[in-house]
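A.B. asks: Return a 3D structure for these sequence lines:
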Amino acid sequence: MDFIMTNLFAINGGIELVAGIAALISPTAMPMWRLCGDRGQEAVRWWGLAIVALGVASLLMRNAPDEEESKAAFAVGMMVYHAIISFFVAARFPEPQFVGGILHIALFFLFHAWVRNYHTSVAAVVVQSY
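C.D. replies: Below you'll find the predicted structure:
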């Protein structure tokens, strides 16, 4: 578990980059493209660009000191992102994106554990940023 927590930002960055590039190259391979109507493939490509950006940001944060408030704020943002995607996937259970849902749930809890290990509470991270 220590290896995962130490490399959480790199692992998340790699996963997000792969998902984003897959969405750019083959949007119909992503489960959500059918939900977007006539412009589903275009919407998934835009989502892919955003996910690539999150992946790059996560990879850049991996070497920042764990005590950095910006790293904690990014971790809280990733918790929110993974929580929202998890709820979205859970609402459509048990469709093909089930594996992706499990991955998002796991990443939510891993980021939550990271914040709890390196900062006193999620609320303290948010309050300190203002």
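A.B. asks: Wait, Ile85 touches Ile102, no?
C.D. replies: No - taking CB atoms under 8 Å as the definition, Ile85 is not a contact partner of Ile102, at 11.3 Å. C-beta: built from backbone N, CA, C; applies to glycine.
A.B. asks: neighbour count winner among those two?
C.D. replies: Ile85 (19 against 12; other CB atoms under 10 Å).
A.B. asks: and that one, what does it touch?
C.D. replies: Applying CB atoms under 8 Å, 6 or more residues apart in numbering, we find Ile85 in contact with Gly100, Gly101, His104.
A.B. asks: Show the model's pLDDT score for it.
C.D. replies: Ile85 is assigned 85 on the pLDDT scale.
A.B. asks: what helix or strand does it sit in?
C.D. replies: helix 69-91 (DSSP states H and E).
A.B. asks: Counting neighbours, what do you get for Ser58?
C.D. replies: Count around Ser58 with other CB under 10 Å applied: 22.
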